[in-house]
Structure formats: structure tokens, C-alpha cells
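1. Sequence and predicted model, in that order:
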Amino acid sequence: MSNIYPDIIKDLPEANIPFDGVRGWVAQGENHQIVFFEIEAIGKVPRHSHAAQWGVVIDGNMDLTIGGDTKNYRKGDHYFISEGVLHSAIFHTRTIVMDYFAEKDRYVLL
């Protein structure tokens, strides 16, 4: 993967993510996590739900389905997923996103 994120991001704790080709560095808050993702063109992430999530695409191309509505997201696009809403994604290219999760333990740290 490239060096899109500087050392101040890559020095953060890394998330334990259950998909090959996905890395994320976590800024941990008392009641939230901000995750800086690097995602290869891994194809589909299955439908799932969790606490509220807001994200922005820094680079790349993905289809995101939120509650049955699918849109293509590219550099500069942002999205919001309400708590409990089913969503899935397809990563067509290497994609860089930053996501805010409204839960303190969305990802376990390595």
C-alpha cells in the first residue's frame, strides 16, 4: 500500500480487521473511534450494522449500499449511516476512507 497517511497516522494503534487487503489506524476516543482505512480492491464487504458511522472518501471508488439504496462514492464524497441500518460495500479500486464510528469499541486493536 502507498504512503498516503503520514507517520502521525501510521503511529496510531492498528485495528484488527477481519478482511485481507484492509488496514486501519485508530484514533480512540472515550465514546468513539476514528479509523483511517486503506482498502485494496477487495470486492464486497457483506451487509452488516453497528452504531452510527460517518465517513469521507479520500481517494478511490466504492459502491456503498445503505438501507437498500446504492450509490457510488469517489474522492471528496461523504456518507452517513444511522445506527442499526444495514449496509454493505463493494471496493472497485484501492480506496482510502476516514470513518467516525459512534462507539468506543467498534474495532479491537492489534
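-> Looks like it came in fine.
2. all strands of this structure, in order?
-> 22-28, 33-39, 43-48, 53-59, 61-66, 69-74, 78-81, 87-91, 95-101 (DSSP state E).
3. Of all the ones you listed, which one is nearest L110?
-> Among those, the nearest to L110 by Cβ to Cβ is strand 22-28 (9.5 Å). The C-beta positions use only the backbone N, C-alpha and C, and glycine is treated the same way.
4. Buried ones in that closest one, by neighbour count?
-> By 16 or more other Cβ atoms under 10 Å, the buried positions in strand 22-28 come out as 22-26.
5. Among these, which one lies nearest to I42?
-> Distance to I42 across those (Cβ to Cβ) is lowest for V22, with 6.5 Å.
6. what's the burial count for N61?
-> Per other Cβ atoms under 10 Å, the neighbour tally for N61 reads 17.
7. cool, the one 3 residues further on as well?
-> The criterion is other Cβ under 10 Å. On that basis, L64 has 21 neighbouring residues.
8. low-scoring stretches of the protein, by residue?
-> Low-confidence segments of the chain, defined by pLDDT under 70: 1-2.
9. and with 50 instead?
-> 1 (pLDDT under 50).
10. out of the strands of the chain, nearest to N3?
-> Closest among these, using Cβ to Cβ: strand 33-39, at 9.9 Å.
11. so how far is that closest one off the chain centroid?
-> Centroid separation for strand 33-39 versus its chain: 5 Å, with Cα atoms, centre = their mean, to the nearest Å.
12. got it, and stretch 25-34?
-> 13 Å.
13. Start at 886, not 1
-> Yes, from this point I'll number from 886; that puts the last item at stretch 910-919.
14. List of residues touching it?
-> 890, 894-895, 897-900, 920-921, 983-992, 994 (Cβ atoms under 8 Å, 6 or more residues apart in numbering).
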